[in-house]
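[1] Need coordinates for the below:
(2 chains)
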There are 2 protein chains.
Amino acid sequence: MIMNKLVFLTVLLASTLQTTTAIWKRKTHHFNWEIGYVFWSPDCQQNMMIGINGQFPGPTIRAKAGDIIVVEVKNTLPTEGVVIHWHGIRQYGTPWSDGTASISQCPINPEETYVYRYTVDKPGTYFYHGHFGMQRSAGLYGSLIVDVADGEKEPFNYDGELNLLLSDWYHENVFSQMTGLSSSPFRWIGEPQSILINGRGQYGCSLAGGIQNGGSRKCDVANMTGTQCRPVMFLVEPKKTYRIRIASTTSLASLNMAIGEHKMTVVEADGNYVKPFRVTDLDIYSGESYSVLIATRKKRSSNFWINVGVRGRKPATPPAMAILNYKPSLDYKLPKSRPPVTPQWNDFARSKSFTYKLRARRGTLKNHALTVNRRIELLNTQNKMNGNYLKWAINNVSLVLPPTPYLGALKYGLKGTFDADSPPETFPKSYNVMAPAQNPNTTQSSNIYVLEFNRTVDVILQNANALAENVSEVHPWHLHGHDFWVLGYGDGKFRKEKDIPRFNLKNPPLKNTVVVFPYGWTAIRFIADNPGVWAFHCHIEPHLHMGMGVVVSEGIDLLGDVPKEALACGKTGTELMNTTFTSP
Amino acid sequence: MIMNKLVFLTVLLASTLQTTTAIWKRKTHHFNWEIGYVFWSPDCQQNMMIGINGQFPGPTIRAKAGDIIVVEVKNTLPTEGVVIHWHGIRQYGTPWSDGTASISQCPINPEETYVYRYTVDKPGTYFYHGHFGMQRSAGLYGSLIVDVADGEKEPFNYDGELNLLLSDWYHENVFSQMTGLSSSPFRWIGEPQSILINGRGQYGCSLAGGIQNGGSRKCDVANMTGTQCRPVMFLVEPKKTYRIRIASTTSLASLNMAIGEHKMTVVEADGNYVKPFRVTDLDIYSGESYSVLIATRKKRSSNFWINVGVRGRKPATPPAMAILNYKPSLDYKLPKSRPPVTPQWNDFARSKSFTYKLRARRGTLKNHALTVNRRIELLNTQNKMNGNYLKWAINNVSLVLPPTPYLGALKYGLKGTFDADSPPETFPKSYNVMAPAQNPNTTQSSNIYVLEFNRTVDVILQNANALAENVSEVHPWHLHGHDFWVLGYGDGKFRKEKDIPRFNLKNPPLKNTVVVFPYGWTAIRFIADNPGVWAFHCHIEPHLHMGMGVVVSEGIDLLGDVPKEALACGKTGTELMNTTFTSP
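    Below is the predicted model of the structure:
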């Protein structure tokens, strides 16, 4: 135990030191946020959204590696709890700041305040979002960008920076969406009404006109001046290099982004540097982030389309568009050039070709990560429960979260707050991933994978056919509390003997979100070196709501006391309460 | 202190004994409820509502006086807390079962369960409803009917019973409604789309056709068979006496109810017997309940309209209709007779004439209630706050509820959980209630009226002009934890010297909800004999949301420990927590 604690402290210290050259230069950034509903017109149609300090999207957090972020979140939603997850921030030593309801903390009740305090230990492109019910889909998100520490340099040069936070937007409120997803008969949410770039889209029209199957009418741009749906215009200068940060917090849509007449060099993924490679367009799944470099052309006062279209599902949503405008700019002059066209939605070969290209800039697989201590195979299937309820399940267990957050329950040894059995480590060898399940029934559970501290874990994410014939969907899986190495991908069923020897142990990219392609598998590796309880789930919000996730815990005995504010609900709320309390 | 405790126990015992002849016959009624969203078509248009066990309205609770009700409420709303208030049940000795968020308990978090346990000590017509945000308006309500104890008799005879729970329904979801009410610029919710009888209405049409200003098209009744909006048909036999129980849990609408060709004799109001009086139609405000007796006519197989229309505000909602059908019945044959017509919405003289008729069946003003210990004058005004936010205020204080419920904060002596100052006992003598306020600005506060235990309190509810010229609205005020005597009403400003001598001390009716007419005042009296913290507020849901209420406390030192489940939020959640807790 003491050994473990030392190991953890060493890891924590090392992790802090390696990313901050000068620990005394660490800044603390303090934010006061009020979460509440706002009327907003993100796609020119007014709707109710969750805003922060009256704004949608939420304010951008910007800090340097090693800095401390303190966000006092006051919930002003009238009846709902709220939490905020800092997507990609590993929360070493601060698992109660991970912002996952039922896992790391109690929801913040109306009019209450919770203080998130954490270190941003690694430069990169991140974002934050709600992680309770489907509040992310309701608009609760924003950008979080971490620059290199003072005195450090990025391994590439650029003159300026653009930031694109991508999302999708539904006109149906999330309560109705959640009710439909949990109803029998099941009611699917359908495709989003709009794709948003930095919170701005145009419902039912295309800025360029006729871009989607020749069908979308042209937006009336003249009437968008001063509106909340006015397209974003990015100002650049000719003959410069720009870093474009792109993050996707879509509820459902997988996206593809391209810029007219500009090639892109991918240099960062999920806050980790990658071996640069050049592309004409970039696939991005919900939960992912990228940085690309572009070189602007010579000609001044020209402009180009930035186009973001739907991939992986048959699109019923027009692409989102923004404008890359060369200075000196003519405000909102639409580009004359044709906008780039999103690749065919079902051209998965092309998607794989992009995703498979990712390599770490430098080999990052540490020595002790070359020995695997445990391999967990997670088969995701679409299932029926109690007759007609539709669920997603992992090894036939559909995740249901308990009212008492795991972190407090485990730390204080409370019994009976979640299912105590161990979830399955694998699935039947005979399972045919290419066809609908012979027995589609699933069970629900709140059980968790307990990981041994500091051990190396491989996870094989195995996709399969959904309930209907010839359907298998894209699922971007996101792990909290860790980055993981992506060791490999494959089509069909993972075969230990054949596939493990082909794992990329040389320069696997570090990520926090990775896609599992239809009928395919994805292999990842991580070290369970972060004491806490962590969600690992499909980042498609309705899929998670339907049970598509698992929970892992590690090193709980190494943790100090959990803040009381994270515990004041469920059984931690009542069983840790001292009823003999009297007024001082 | 000990004296007080004895007094309280004596009161409690007396109150229990007087209503239950045989205490050993008390039954316990146990209910398991799941609160969750359902898709429902209460007015033939599908919408999302809050249901109980998948049903809207919630199940009817029926018990006998002296019985114990136990309701295990599990919250299955995905992100919202919930509470349930048992409207009209005084909760002697069980203030933590009153079901008022921020006042008597913490909201029940998603997937958590709270057990309401209380005695229904008095026969009468009651109902229950959500009391957090505007969840009542979202459909969270149902009937609660208490019969006389075994061996006791009602003071009137009847052969059968009908039950009408009246409500109104908006198509805009309550989140959007609340956001509009709290926004600057202010967005009013408008008039309801439908009036519902037992959860059933017909949007945009009238069963009888042309009933409202000759304008409503006739509903297509043939298509309503088997639907959730099929009008209620009450089956009766000829030549009998029926008791009709009527309760209103509208969000906004004041209602008038009449039955074609049947006069009604009013016998009960808010769970208290009244001196019988005969009417052709009955006004009922949100929060009120009545029982009337009707004598059915001789002719078999005839049928009549039951009509429920809007009063007090210019109606934009067609009346709700149900059918009184004489056996042997012809299913859904619509009455040939003309439906009764709702009186003119602004015929306040007629409304007053009805309301002023209420008298207790027997004088109920106890001896010690003839000495008044305190008089509080509450002026209600419409106000502006911080510029453009619209509020309602009482003596210039707009109520804002704290995150830590008062009951736990007071019981355990926690400081700083609500505003500690005393709210004003009166308003400036010079205030002109007939004109808009000269200074319309208000302040918000969570301060409370601390009442001395077992003392008699008079409250003068004083209405006034709203912000606009020549506007003063109807406000039905509801007191939790008590019935009160209605001592009198008047037009204009209350004048102590003139009006107090005219108070009805002989047979004032006991009620829990009373209307304050436009530009008028209403005087009530109650004994602060119920240890706890109690809301007293306008029962119009958007008005309460805008701050129209006060909170009173009494006898907190007489209370035993509050259930932990009522405390696990806010500062009671954290400050009563024992952090040195370790696993047993």
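[2] Show me where chain A has its helices.
    A:2-19, A:174-181, A:348-355, A:406-411, A:496-499, A:541-545, A:570-575 (DSSP state H).
[3] Worst mean pLDDT among these?
    Least confident of the helices of chain A, judged by mean pLDDT, is helix A:2-19 with a mean of 51.
[4] Any idea which residue of the stretch 251-400 of chain A lies closest to chain B?
    Using CB to the nearest CB, the point where the stretch 251-400 of chain A gets nearest to chain B is residue A:400, with a distance of 8.4 Å. Every C-beta, even on glycine, is put in place using the N, C-alpha and C of the backbone.
[5] right, and that residue touches residue A:444 too?
    Yes. At 4.4 Å, residue A:400 counts as touching residue A:444 under the criterion of CB atoms under 8 Å.
[6] Can you check which residues contact both of those two?
    Taking CB atoms under 8 Å, 6 or more residues apart in numbering or on different chains as the contact rule, residue A:400 and residue A:444 both touch residue A:547.
[7] re earlier: any idea how far residue A:574 is from the residue of the stretch 251-400 of chain A closest to chain B?
    Here residue A:400 is placed at a distance of 21 Å from residue A:574 (CB to CB, to the nearest Å).
[8] between the two, who's got more neighbours?
    residue A:574 (22 against 16; other CB atoms under 10 Å in any protein chain shown).
[9] any idea how far residue B:576 is from the nearest residue to that one once chain neighbours are set aside?
    In this structure, residue A:574 finds its nearest non-sequential neighbour in residue B:564, 4.0 Å apart by CB to CB, 6 or more residues apart in numbering or on different chains. When CB to CB is the yardstick, residue B:564 and residue B:576 sit 8 Å from each other.
[10] So for stretch A:68-86, mean pLDDT?
    For stretch A:68-86, the mean per-residue pLDDT is 98.
[11] is any part of that stretch close to chain B?
    Yes. Judged by CB under 8 Å from any CB of the partner chain, stretch A:68-86 comes into contact with chain B at A:78, A:79, A:80, A:81, A:82.
[12] Can you lay out those as a markdown table showing neighbour count?
    Formatted as a markdown table, the entries for those read as follows, by neighbours: other CB atoms under 10 Å in any protein chain shown:
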| residue | neighbour count |
| --- | --- |
| A:78 | 23 |
| A:79 | 23 |
| A:80 | 28 |
| A:81 | 26 |
| A:82 | 27 |
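[13] Around chain B, which positions in the stretch 401-550 of chain A sit nearby?
    So the stretch 401-550 of chain A meets chain B at A:401, A:402, A:403, A:412, A:413, A:414, A:545 (CB under 8 Å from any CB).
[14] ok, now with 6 Å
    When proximity is defined as CB under 6 Å from any CB of the partner chain, the stretch 401-550 of chain A approaches chain B at A:403, A:412, A:413.
[15] Now rank those residues by neighbours and give me the top one.
    Scoring these on neighbours with other CB under 10 Å, the highest-scoring entry is residue A:403 at 24 neighbours.
[16] ok, that residue touching residue B:112?
    Yes. Here residue A:403 lies in contact with residue B:112, judged by CB atoms under 6 Å, at a distance of 4.5 Å.
[17] related to what we said a few turns ago, quick one: the residue of the stretch 251-400 of chain A closest to chain B and residue A:461, what's the gap?
    Counting by CB to CB, the gap from residue A:400 to residue A:461 is 20 Å.
[18] Contacts only, for the residue nearest to residue A:324 when sequence neighbours are not counted.
    Spatial nearest neighbour of residue A:324, excluding adjacent residues (CB to CB, 6+ apart): residue A:304 at 4.5 Å. Residue A:304 makes contact with A:259, A:260, A:261, A:324, A:335, according to CB atoms under 6 Å, 6 or more residues apart in numbering or on different chains.
[19] Give me the number of neighbouring residues for the last one.
    A count of nearby residues for residue A:335, using other CB under 10 Å, gives 19.
[20] Would you mind giving me the confidence score for it?
    Looking at residue A:335, its pLDDT reads 89.
[21] if we can go back for a sec, specify which residue of residue B:564 and residue B:576 has the higher count of neighbours.
    A direct count of neighbours by other CB under 10 Å for residue B:564 and residue B:576 places residue B:576 higher, at 24 against 20.
[22] these two touch, right, that one and residue A:577?
    Yes. Using CB under 6 Å, residue B:576 is in contact with residue A:577, at 5.0 Å.
[23] distance of the residue lying closest to residue A:137 once chain neighbours are set aside from residue A:191?
    Taking CB to CB, 6+ apart as the measure, residue A:137 lies nearest to residue A:251, with 4.1 Å between them; neighbours along the chain are not counted. For residue A:251, the distance to residue A:191 (CB to CB) stands at 10 Å.
[24] Likewise for residue A:149?
    When distance is defined by CB to CB, residue A:149 is 42 Å away from residue A:191.
[25] neighbour count winner among these two?
    For residue A:149 and residue A:191, the more surrounded residue by other CB under 10 Å is residue A:149, and the numbers stand at 22 against 15.
[26] any idea how far that one lies from residue A:62?
    If you go by CB to CB, the gap between residue A:149 and residue A:62 works out to 14 Å.
[27] do residue A:464 as well
    In this structure, residue A:464 and residue A:62 are separated by 41 Å, where distance is defined by CB to CB.
[28] Which one of these two is surrounded by more residues?
    Between residue A:464 and residue A:62, residue A:464 has the larger neighbour count (other CB under 10 Å), namely 24 against 14.
[29] Apart from its chain neighbours, what residue comes closest to that one?
    residue A:433 (4.0 Å).
[30] how many other residues sit next to that neighbour?
    Residue A:433: 21 surrounding residues under other CB under 10 Å.
[31] can you check residue A:462 too?
    Look at residue A:462: counted by other CB under 10 Å, it has 26 neighbours.
[32] That one and chain B, how far apart?
    Computed with CB to the nearest CB, to the nearest Å, the distance linking residue A:462 and chain B is 29 Å.
[33] right, and that residue touches residue A:379 too?
    Yes. Here residue A:462 lies in contact with residue A:379, judged by CB under 6 Å, at a distance of 4.6 Å.
[34] Residue A:81 is in contact with residue A:105, isn't it?
    No. The criterion here is CB under 6 Å, and residue A:81 misses it with residue A:105 at 9.9 Å.
[35] Now that we're looking at the nearest residue to residue A:172 once chain neighbours are set aside, what pLDDT does it have?
    If you skip the residues right next to it in sequence, residue A:172 has residue A:189 as its closest partner in space, 6.9 Å away by CB to CB, 6+ apart. pLDDT recorded at residue A:189 is 97.
[36] quick one: the closest residue to residue A:491 other than its chain neighbours from chain B, how far?
    Using CB to CB, 6+ apart and skipping the chain neighbours, the partner closest in space to residue A:491 is residue A:520 (5.0 Å). Distance of residue A:520 to chain B, given as CB to the nearest CB: 31 Å.
[37] What of residue A:534?
    20 Å.
[38] Count residues in the vicinity of that residue, would you?
    Residues contacting residue A:534 under the criterion other CB under 10 Å number 29.
[39] any common contacting residues for residue B:564 and residue B:576?
    When contacts are counted by CB under 6 Å, 6+ apart, residue B:564 and residue B:576 have residue A:577 as shared neighbours.
[40] how far away is residue A:197 from chain B?
    From residue A:197 over to chain B (counting by CB to the nearest CB), the distance is 25 Å.
[41] Let me see the contact set for that residue.
    The contact partners of residue A:197, by CB under 6 Å, 6+ apart, come to A:164, A:232, A:320, A:322.
[42] Tabulate the residues you listed in a markdown table, adding columns for neighbour count and pLDDT.
    Supplementary listing: those in a markdown table, determined by neighbours: other CB atoms under 10 Å in any protein chain shown; pLDDT from 0 to 100:
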| residue | neighbour count | pLDDT |
| --- | --- | --- |
| A:164 | 23 | 98 |
| A:232 | 20 | 94 |
| A:320 | 31 | 94 |
| A:322 | 23 | 95 |
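[43] So which residues on the stretch 151-300 of chain A come close to chain B?
    For the stretch 151-300 of chain A, the residues found near chain B under the criterion CB under 6 Å from any CB are A:173, A:176, A:178, A:179.
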